[in-house]
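K.L.:
Sequence below, structure please.
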Amino acid sequence: MNKYLLNGFYALFAVIVISAFAFKIFQPIKVLPRMQLAPAFNLTDQNDEHFTSEELRGKFVLYTFTYTNCPAPCYNLNTTMQEVQSRLSEVELGDVDVAFVTVSFDPDRDTAAVLKTYAEAIDADTTKWSFATTTNKSLLKTIIGAGFETYYEDNGDGEFSFTPSFVLVDGWGIVRAEYRYQTEVPDTDRILRHLGVLAEEVSNSTGTSKLAYEAAHLFLCYAP
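P.N.:
Residues are numbered from 1 along each chain as shown. From the prediction side, this is the model:
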């Protein structure tokens, strides 16, 4: 190989390596990782209507998974959802809507009517917060267990063992953050901060700015 071409190759490689370290160290752009595609689903909501993942396209969605008979305070899952929802005005979201979804893994007892009563009992704003499940338990296991990678198991005594979790999905249906009680107690401030990071990416990742965001993803420059 011509020595000038070889030197040029080494120079280009050096620029790439230095750029990667610069992104990692100085973090000029904050992004959340694109972890995986969220599962598609067709569930039944608290109004006994079809509720599909397609209805949520274009929105940021915060999911959690539980059952209505979970003993209080049930890891404060509802409290966290309510806090995030009530504090959305603190985040610059632009034109992006945020939806909240609680999926029950106890369809035998959590019928549409029960879910509706439950939503009313905790004073949930069901214009943005949906409660849903499906009587197809195999499908439910696929959606929650395989799709959202959230563990749950029927103990056979009316109670479930499960990993309390929240999953944040962007408007393209991609999982961008997971909050598991195994590693940390979900923090409302952190979830709100992540929503802001996503909104900023949506607002700015067009034209030449999109290249910068793609570079940030490439060099793993993630938001804490």
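K.L.:
residue contacts, the residue nearest to the spatial centre of the chain?
P.N.:
By C-alpha atoms, centre = their mean, the chain has its centre lying nearest to residue 168, at 1.1 Å. Taking C-beta atoms under 8 Å, 6 or more residues apart in numbering, we find residue 168 in contact with 32, 60-63, 175-179, 191, 194-195, 198. Backbone N, C-alpha and C define where each C-beta goes, glycine included.
K.L.:
quick one: which of the residues you listed is most hemmed in?
P.N.:
When neighbours are counted as other C-beta atoms under 10 Å, the busiest of the contacts of residue 168 turns out to be residue 195, with 26 neighbours.
K.L.:
What ranges does the chain have for its strands?
P.N.:
36-37, 42-45, 50-52, 60-66, 98-104, 129-133, 152-154, 160-162, 165-169, 174-180 (DSSP state E).
K.L.:
Could you pull out the helices in this protein for me?
P.N.:
Under the criterion DSSP state H, the chain carries helices at the ranges 3-26, 77-86, 112-121, 137-141, 188-204, 208-218.
K.L.:
Next one: the closest residue to residue 170 other than its chain neighbours from residue 203, what distance?
P.N.:
Leaving aside its sequence neighbours, residue 170 sits nearest to residue 176 (C-beta to C-beta, 6 or more residues apart in numbering; 5.1 Å). For residue 176, the distance to residue 203 equals 15 Å [C-beta to C-beta, to the nearest Å].
K.L.:
and what of residue 188?
P.N.:
Distance from residue 188 to residue 203, by C-beta to C-beta: 23 Å.
K.L.:
For residue 167, see how far away the residue lying closest to residue 175 once chain neighbours are set aside is.
P.N.:
In this structure, residue 175 finds its nearest non-sequential neighbour in residue 35, 4.3 Å apart by C-beta to C-beta, 6+ apart. To residue 167, residue 35 is 9 Å away according to C-beta to C-beta.
K.L.:
More neighbours: those two, which one.
P.N.:
Just comparing residue 35 and residue 167: by other C-beta under 10 Å the higher neighbour count belongs to residue 167, 23 against 15.
K.L.:
can you pull up the bridge partners for the closest residue in space to the more buried one that isn't next to it in sequence?
P.N.:
Spatial nearest neighbour of residue 167, excluding adjacent residues (C-beta to C-beta, 6+ apart): residue 63 at 4.5 Å. Taking DSSP bridges as the rule, residue 63 bridges to residue 101, residue 167.
K.L.:
re the thing from before, got any residues that touch both of residue 35 and residue 167?
P.N.:
Residues touching both residue 35 and residue 167 (C-beta under 8 Å, 6+ apart) are 175, 177, 178.
K.L.:
what's the closest of those to residue 83?
P.N.:
residue 177 (16.3 Å; C-beta to C-beta).
K.L.:
surely the closest one meets residue 194?
P.N.:
Yes. Counting by C-beta atoms under 8 Å, residue 177 touches residue 194, with 5.1 Å between them.
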